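Undergrad: Generate coordinates for the sequence data below:
(4 chains)
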There are 2 protein chains.
Amino acid sequence: MTTTATRARRSSADKHDERRNQLAESALRTLGELGYARASLREIATNSEFSHGVVHYYFRDKLELIVYCVRYYKAQCVRRYDSVVEDSTTADELVEAFGAKLVETLRDEAPMHRLWYDLRSQSMFEEGLREAVTYIDQTLQEMIWRVVERYSDLAGRPPALASPAAYGVLDGVFQQALLALPRGEDAVLEALPGQVRALMPLLLAPQS
Amino acid sequence: MTTTATRARRSSADKHDERRNQLAESALRTLGELGYARASLREIATNSEFSHGVVHYYFRDKLELIVYCVRYYKAQCVRRYDSVVEDSTTADELVEAFGAKLVETLRDEAPMHRLWYDLRSQSMFEEGLREAVTYIDQTLQEMIWRVVERYSDLAGRPPALASPAAYGVLDGVFQQALLALPRGEDAVLEALPGQVRALMPLLLAPQS
DNA sequence: GGAAAATCTTGACGACTGTCCAGGAATGCT
DNA sequence: AGCATTCCTGGACAGTCGTCAAGATTTTCC
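TA: Modelled structure (predicted):
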């Protein structure tokens, strides 16, 4: 194996991955708009710069594309609250930063969140989605738990809930906000920080 | 309008409603198994005692059937926790009864819960579902709020969260349990009461 | 009993789906 | 330049979908 051959193969593999990512991004746009059920491969291809046949050159079938998409998306969003954890120096500051970040992503990335909840629901019926969804939900849970732990440290009070429950709680409130978005976006986005301010202290054991 | 005519017409209308309900129940069975996207009208009809064409005799289109189904289902389940509210005489008792009821419905009616979360997700993409879903979510929120208020009364402490947030919190935890069901049903059902015991006290203001 | 109304079946329609494939276009390599 | 490989297109395929309507069947009513 010569150096050029190695470089060529890697560059070829890179190109391959790059195309897959391009397709994934197109697919994510379409999926975010239409949802899993309504987004056909033809529609996805139309919203890209390729024809509908190319999908099966890079992905075995639709499910593999979707799973790839959802993992691709996760890789981008799972570090969303890292800055909140790192930059906050007091408990109150963290709560504010966390609430602001929630508002920001709810405002700017609503289609992606809709898609995520859609896929998570679909995974209850489609066996093939379950593994990827479970993995990502686990990752999201860990992401939230980092926030809660940091909050706990800053406040000097231990968490009142275990990681799964804490994630469920915050995810539930976020999902309600997402669902309420169509009926009054401004009101929802304004109310959310207040909900977070009320909710976060409850996740820690009462002041001793 | 004679008495017999009135009786005949009412009986006819009753028959009509009865058929609609029969179809709704068949549809709910199929929808609960396959989810919204995979449940075709033919499949729904096959799981009933009618042929596939009859659906359009009783419903304008698929969406009207689905919406009818979901409202029909709601009417059955929205009083689920009334006994918890009425029969509990202490705060701890209510928490236990509530947790047990959650476990019971999670065990016995998982397909219906899956369907509900599926439809709620679909409503983010399908305009036609939104109104019915919003209405039912509102009803569920009120159902949960009755539990929280009763709990608050029994404990002598005011709620720490408003109704929407309280619903989001509990719904989120329940949804996580439902999602976790396929990987270890017994473990999930056993863990849930503990989560409820930990969570419920947090919904009330700290002991003064 | 027989007309009228309702209920239901059956088959068909056009549109859309995921998948596959034959062949053209582009690219890289020697 | 010319071959070989990779990449991409566009059409075809079998299947499924929601919808509809014509006719058979059943029920209702006088």
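Undergrad: can I see the domain layout of chain A?
TA: A:1-62, A:78-208 (automatic domain parsing).
Undergrad: Find the closest residue to chain B in chain A.
TA: A:Gly172 (1.9 Å; C-beta to the nearest C-beta). For the C-beta atoms, the positions are set from N, CA and C on the backbone; glycine is no exception.
Undergrad: ok, now which ones touch the closest residue to that residue other than its chain neighbours?
TA: Spatial nearest neighbour of A:Gly172, excluding adjacent residues (C-beta to C-beta, 6 or more residues apart in numbering or on different chains): B:Gly172 at 1.9 Å. Contacts for B:Gly172 (C-beta atoms under 8 Å, 6 or more residues apart in numbering or on different chains) come out as A:168-173, A:175.
Undergrad: nearest to DNA strand D, of the residues you listed?
TA: Proximity of those to DNA strand D (C-beta to the nearest atom of the strand) peaks at A:Gln175, which lies at 26.5 Å.
Undergrad: how close does the closest one sit to A:Ala75?
TA: Using C-beta to C-beta, to the nearest Å, A:Gln175 is found at 22 Å from A:Ala75.
Undergrad: and what of A:Phe59?
TA: Per C-beta to C-beta, A:Phe59 is found 17 Å from A:Ala75.
Undergrad: Comparing these two, which shows the higher neighbour count?
TA: A:Phe59 (20 against 10; other C-beta atoms under 10 Å in any protein chain shown).
Undergrad: re earlier: show me what counts as buried in the helix or strand harbouring the residue of chain A closest to chain B.
TA: Remark: A:Gly172 resides in helix A:163-180, with elements defined by DSSP states H and E. Buried residues in helix A:163-180, counted by 16 or more other C-beta atoms under 10 Å in any protein chain shown: A:163-180.
Undergrad: Helices along chain A, start to end?
TA: Using DSSP state H, the helices of chain A run over A:3-38, A:41-46, A:55-58, A:62-77, A:82-87, A:91-108, A:110-122, A:127-155, A:163-180, A:185-199.
Undergrad: do the second one and DNA strand C meet at all?
TA: Yes: using C-beta under 7 Å from any atom of the strand, we find that helix A:41-46 touches DNA strand C at A:41-43.
Undergrad: and the lowest-mean-pLDDT helix or strand in chain A, what does it pack onto?
TA: When each helix and strand of chain A is scored by mean pLDDT, DSSP states H and E, helix A:3-38 comes last, with a mean of 80. Where contact means 3 or more C-beta pairs under 8 Å, 6 or more residues apart in numbering or on different chains; DSSP states H and E, helix A:3-38 is packed against helix A:41-46, helix A:55-58, helix A:62-77, helix A:110-122, helix B:3-38, helix B:110-122.
Undergrad: returning to that earlier point: show the pLDDT at the residue of chain A closest to chain B.
TA: Looking at A:Gly172, its pLDDT reads 98.
Undergrad: Tell me where the model's unsure across chain A.
TA: A:1-12, A:208 (pLDDT under 70).
Undergrad: thinking again about what came up before, any chance of the residues of helix A:41-46 next to DNA strand C in JSON lines, with distance to B:Arg197 too?
TA: Shown next, in JSON lines, are those (distance: C-beta to C-beta, whole Å):
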{"residue": "A:Leu41", "distance to B:Arg197": "48"}
{"residue": "A:Arg42", "distance to B:Arg197": "51"}
{"residue": "A:Glu43", "distance to B:Arg197": "48"}
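Undergrad: got JSON lines for those, with distance to chain B too?
TA: Below are the residues of helix A:41-46 next to DNA strand C laid out as JSON lines (distance: C-beta to the nearest C-beta, whole Å):
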{"residue": "A:Leu41", "distance to chain B": "15"}
{"residue": "A:Arg42", "distance to chain B": "17"}
{"residue": "A:Glu43", "distance to chain B": "13"}
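Undergrad: Pick out the residue in chain A sitting closest to DNA strand D.
TA: Minimum separation of chain A from DNA strand D (C-beta to the nearest atom of the strand) falls at A:Gly53, amounting to 2.0 Å.
Undergrad: Apart from its chain neighbours, what residue comes closest to that residue?
TA: A:Ala45 (7.9 Å).
Undergrad: now A:Val67
TA: Nearest one to A:Val67, counting by C-beta to C-beta, 6+ apart, is A:Ala132 at 4.6 Å.
Undergrad: same question, A:Ile144
TA: Spatial nearest neighbour of A:Ile144, chain neighbours left out: A:Tyr167 (4.8 Å); criterion: C-beta to C-beta, 6+ apart.
Undergrad: quick one: contacts for the closest residue to A:Val84 other than its chain neighbours?
TA: Leaving aside its chain neighbours, A:Val84 sits nearest to A:Ala97 (4.5 Å; criterion: C-beta to C-beta, 6+ apart). Contacts of A:Ala97 were listed using C-beta under 8 Å, 6+ apart, and they are A:83-84, A:87-88.
Undergrad: Mind giving me the PyMOL select for these, buried ones only?
TA: Buried subset of those, written as a PyMOL selection, criterion 16+ other C-beta under 10 Å:
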select buried, chain A and resi 84+88
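Undergrad: how many neighbours does A:Leu31 have?
TA: So A:Leu31, with other C-beta under 10 Å, has 29 neighbours.
Undergrad: Can you name the residues that contact it?
TA: Taking C-beta under 8 Å, 6+ apart as the test, what A:Leu31 contacts is A:39, A:44, A:66, A:69, A:115.
Undergrad: By neighbours, which of those wins?
TA: Going by other C-beta under 10 Å, A:Leu115 tops those with 29 neighbours.
Undergrad: how close does it sit to DNA strand C?
TA: Look at A:Leu115 and DNA strand C: by C-beta to the nearest atom of the strand, to the nearest Å, they are 15 Å apart.
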